[in-house]
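>>> Sequence first, predicted coordinates after that:
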Amino acid sequence: MGKDPSGMDIKLLSIYLNDHVAGSRAGLELARRSMRSNEGSPLGDDLVRLVREIEEDRETLEELMELANVRRASVKEGGAWLVERLGRLKMNGRLVGYSPLSRLEELEGLRLGIEGKRSLWRNLLEVGAEIEAWEGVDFASLIARAESQIELLESHRAETVRQAFFQPSAA
């Protein structure tokens with residue numbers, strides 16, 4: 001792997017795309033866990049949509065990798081899975097189980113991941129014209145969807161913060 005006819009460094013592109021596909025694995029696991037933990041609530045309902053969209057975005061990234069003849073680095077993806085699992089061990093104010101702080105930290109983690117994905121789509125928009133196989137890929141729509149996902153999470157932020165730090169008093 002070296003440079004393609006346009007001068008693009010395919011090795012570095014491969015590393016970059018594999019980093020993002022690994023990140024998407026961790027983000028998808030986090031979104032699924034949060035969706036299950038918030039089932040039956042407005043946040044849980046919105047997370048159903050978010051999980052579906054993250055799955056679709058991940059498939060799009062995998063297709064782009066295939067079109068650019070970039071091989072998947074399964075070791076990175078396995079590492080991302082492990083990091084997400086280890087992230088569950090953090091202190092959340094309860095010895096076992098889910099707490100309101102868990103919800104807040106999950107939303108923050110999801111937002112960070114989506115910000116990274118939006119950056120990915122923006123960067124690929126910049127170089128996409130150089131990769132003939134990516135001709136016609138609508139990166140602008142992918143960017144807009146990431147922005148919509150950020151807005152979706154933001155719509156739950158204030159209430160999640162209140163729930164995390166202001167517990168109802170026992171009457």
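The structure has been received and is ready for your questions. Remember, predicted model here, so these are calculated numbers, not experimental data.
>>> can we go C-alpha only for contacts and neighbour counts from here?
OK.
>>> all helices for this structure, in order.
Applying DSSP state H to the chain gives helices spanning 10-37, 42-67, 74-87, 100-128, 139-165.
>>> With mean pLDDT and mean neighbour count added, can I get the ones you listed in a markdown table?
Listed next are those as a markdown table, based on pLDDT from 0 to 100; neighbours: other CA atoms under 10 Å:
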| stretch | mean pLDDT | mean neighbour count |
| --- | --- | --- |
| helix 10-37 | 94 | 20 |
| helix 42-67 | 97 | 17 |
| helix 74-87 | 54 | 15 |
| helix 100-128 | 95 | 18 |
| helix 139-165 | 96 | 16 |
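>>> Might one say that residue 139 is in contact with residue 124?
Yes. Taking contacts as CA atoms under 8 Å, residue 139 lies within contact range of residue 124: 7.4 Å.
>>> Quick one: residues contacting residue 70.
Contact partners of residue 70, counting by CA atoms under 8 Å, 6 or more residues apart in numbering, are 10, 14.
>>> And stretch 9-17, how far out from the chain middle?
Mean-position distance between stretch 9-17 and its chain equals 19 Å (CA atoms, centre = their mean, to the nearest Å).
>>> now swap in stretch 62-75 and tell me
The answer for stretch 62-75 is 17 Å, by CA atoms, centre = their mean.
>>> Residue 45: what's it in contact with?
Counting by CA under 8 Å, 6+ apart, residue 45 has contacts 35, 39.
>>> now swap in residue 150 and tell me
111, 114-115.
>>> Throw those residues into TSV and include distance to residue 22, thanks.
As requested, those are exported to TSV (distance: CA to CA, whole Å):
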residue	distance to residue 22
111	16
114	13
115	15
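>>> wait, what's in contact with residue 16?
Contacts of residue 16 (CA under 8 Å, 6+ apart): none.
>>> So residue 65 is in contact with residue 58, correct?
No. Look at residue 65 against residue 58 with CA under 8 Å: they stay out of range, at 10.6 Å.
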